[in-house]
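Colleague: Return a 3D structure for these sequence lines:
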Amino acid sequence: MENGSEELSRQALLDEVVRQLPTAVIVVEAPTGRVLAANEQVRIIWRRPPIYSPDVQGYSAWEGFHPDGSPYLPEEWPIARSLRGEHVPREEIRIRRGDGSYGFIRVSSNPIRNGANDVVAAVAAFVDITDERREQDALTFLAEASAMTGETLEYEQTLQAVARLAIPRFADLGFVYLVDRDGELQRNIAAASSPELERKLDTLWARYPPATEAIRPLVESGESRLDRAVEASSWDYVPDPEQRRLLIDLGIRSSVTVPMRAFGRTYGVLIYALTREFRPYDEFDLLIAGEIGRRAASAVEKSQLFEAERDTRIRAERSARRLMHLQTLTAALSGAITVDGVLDAVMREIGRVVNAANVVLTVREDDELVLVRHEGIPDHIARQFHRIALDAPWPLARAARTALPVWLRNEEEAIALIPEMATIPRSGRAWAAIPLVLNGRSLGVIGFVFSEEHDFSEEERGFVLSVAGQCAIALERAMLFESERTSREEAERASRAKDEFLAILSHELRTPMTTVIGWADFLTMTNAENPELLGPLEALRNSAKAQARLVDDLLDVSRIIAGKLSITRIRTELTSIVRSAIETLRMSAEQKGVALVLELSEQPVPILGDPDRLRQIVTNLVVNGIKFTPAGGRVTVSVHDREGVAELVVSDTGEGISPEFLPHVFDRFLQGSVGDSRRHAGLGLGLSIVQHLVQRHEGTVRAESAGLGDGATFVVTLPKRA
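Modeller: Residues are numbered from 1 along each chain as shown. A predicted model of the protein is given here:
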């Protein structure tokens, strides 16, 4: 009877521990896989009560799916694998929830072993990452949409890209309506996810004019519209019954309509629709569609601007082609501040300036030329000559090597100067290679290929060299700008990454450390009569607590960065705080062979401060002294009652601090990158936390050291009253 009561008590304790965990947790017994406990978070995430499967085969009722859509077999679930001894970290699973919707969870599972190292149970912890996955997918999709709309400036191709960029990932149907010059809304293009839908669209569009009455107000207001459920009655505004029937036959179940608006102008309307049995669009989808609309508007605008600019250029070429293009190139180079901007400007104009059939642009990298832009060259030729050694015989390498232009008026002249040209496929009849030279140094080479023999007049040669000189100046300026910007961005990125790493790591580590300590305590309580197990459990608990202390430091620094570190100042006594803090550290000092000496005033030293944070200041300074003091050394802690302030002094006989490092001793993480200090444990956060806590108490802290090998002293002064 007592054994039964004890088992019930343990089960109640297990249920309570699992219930209070902040993440979803399922515990199963070995070897059957019977579910022993599941907390409320399981029900919240799965949107149904936990399924207490009697064995592993019962896990099939959990309805999980692999990335390819195939269902998880019972024995494939992480917790089932942990019953076989496997540790499964952070596995992402798509699940079907109780309300019929789908979500994603991130699961970690581990086996639980007894003193004989036999698996007696398994535990799985998981969190809901549905929103995280959806946001990640949305960002990826928007990035791909931006890339797709930016691939071309040709107007028709841009419209095709806009219509198709969301299919089938975001929609089954896409419609583009543009505002014409008279302000009327015109149907331009549509796209569908399947040939069957394409045929239905073709039939509808061939027979009937666009039904724009419902979307015309959106052009005027610039607002978006979400239709969660499109019913047959939604088409009642269409007067023609056959047209209405064809619209209904498309099977649209949900839709979003957004304006294509950029720079204060509405270019048209973009409609995306779903026809599949799937969740309806929601506000988040409307937000994504709005972002697509803005990108589409920008792409359409760029295409329209490109078309307009090209028409203007063609008209200008008829009267003064060379001069006009030179002015355009000069303006483009002046406005381009990046290397890509300069290269794009050069490629956009230089070929037309000299009327070449093909143009290549290379940039010098050490002893090679790298092909960065080309126009009119077959891809296989571009791949073959992507990198050209400077000692190669080809015209581009010759021009870069000598910093002199190469003019080849015909094939005979080319082969006479460079015999190797007879051995390669040639797409032209004349060639020129113009080095981009600045201060006697070649930055790259522009290459021209002419479809016919070409006689380079002195006037043309001078003109081309003048253009190349402008390109070289712009290219060097852009290189200098990008070098400076890259250095600045790397410095800023490193600073942001450090702070972000600090915040993320601290919060991510807190939960697993709490879980480890909780389970260690639980196993200690449930195995109090097993001395062989208590020792390892105590070691596990101590190690976890050591890690928890590191996490606490990280959390404090995270709070410092966020400005959320709290200080509660009350009347307290500094000497007693120091004495209690030292007693907790005496054992670790003795284990290392370091003497811990106290020189405390016999009289109380009253102070206005936060006792816990003051204890943290003392602990961090003393731990730092012990860490950097070798065996046989000494750490001395003293407290003095000065006039108006209390003074805490921690000195050691350890390694000391170099003069170069002394100004940076309170910087975060600096321990990890200075000298050989990584032979000491820790993250380099303790002293930075000390400095912040002292400053929050309106006090000061300073470090003193005569140099390496001469020990170090830290002096903290704290006001005795507010």
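
Colleague: so where's the longest strand in this structure?
Modeller: strand 102-113 (DSSP state E).

Colleague: Partner strands of the helix or strand following that strand and their direction?
Modeller: Per DSSP states H and E, strand 102-113 leads on to strand 119-128 as the next helix or strand towards the C-terminus. Its sheet considered, strand 119-128 pairs with strand 24-29 (antiparallel), strand 102-113 (antiparallel) by DSSP bridges.

Colleague: just those: most buried one?
Modeller: Most buried of these by mean neighbour count (mean count of other Cβ atoms under 10 Å) is strand 24-29; its value is a mean of 23. For every residue, glycine as well, the C-beta is placed using N, CA and C.

Colleague: so what strands line up beside the helix or strand that it is followed by?
Modeller: Using DSSP H and E, the helix or strand that follows strand 24-29 towards the C-terminus is strand 35-38. Applying DSSP bridges, strand 35-38 is found paired with strand 24-29 (antiparallel).

Colleague: Spatially central residue for the protein, please.
Modeller: Gln136 (9.5 Å; Cα atoms, centre = their mean).

Colleague: Quick one: residues contacting it.
Modeller: Residues near Gln136 by Cβ atoms under 8 Å, 6 or more residues apart in numbering: none.

Colleague: Can you give me the distance of the closest residue to Asp236 other than its chain neighbours to Leu250?
Modeller: In space, and not counting its chain neighbours, Asp236 is closest to Arg244: 7.6 Å by Cβ to Cβ, 6 or more residues apart in numbering. For Arg244, the distance to Leu250 (Cβ to Cβ, to the nearest Å) stands at 11 Å.

Colleague: ok, now Leu36?
Modeller: Taking Cβ to Cβ, one finds Leu36 at 52 Å from Leu250.

Colleague: Which elements pack onto the helix ranked longest in the chain?
Modeller: Longest helix in the chain by number of residues (criterion: DSSP state H): helix 458-526. Using 3 or more Cβ pairs under 8 Å, 6 or more residues apart in numbering; DSSP states H and E, the elements in contact with helix 458-526 are helix 2-20, helix 283-335, helix 339-354, strand 430-438, strand 441-450, helix 531-562.

Colleague: and the shortest one, how far out from the chain's middle?
Modeller: The reference is to strand 430-438. In terms of Cα atoms, centre = their mean, to the nearest Å, the centre of strand 430-438 is set 42 Å apart from its chain centre.

Colleague: Summarise which helices and strands that strand is packed against.
Modeller: helix 395-402, strand 406-408, strand 441-450, helix 458-526.

Colleague: Let me know which of the ones you listed is the nearest to Asp182.
Modeller: Closest to Asp182 of these, according to Cβ to Cβ: helix 458-526, at 41.5 Å.

Colleague: what's the angle from the closest one to helix 339-354?
Modeller: Relative orientation of helix 458-526 and helix 339-354, computed by axes from the mean of the first three to the mean of the last three Cα atoms, to 10 degrees: 160 degrees.

Colleague: average model confidence for helix 458-526?
Modeller: For helix 458-526, mean pLDDT rounds to 74.

Colleague: Next: stretch 410-425.
Modeller: The model assigns stretch 410-425 a mean pLDDT of 82.

Colleague: Please report the number of neighbouring residues for Ile689.
Modeller: 22 (other Cβ atoms under 10 Å).
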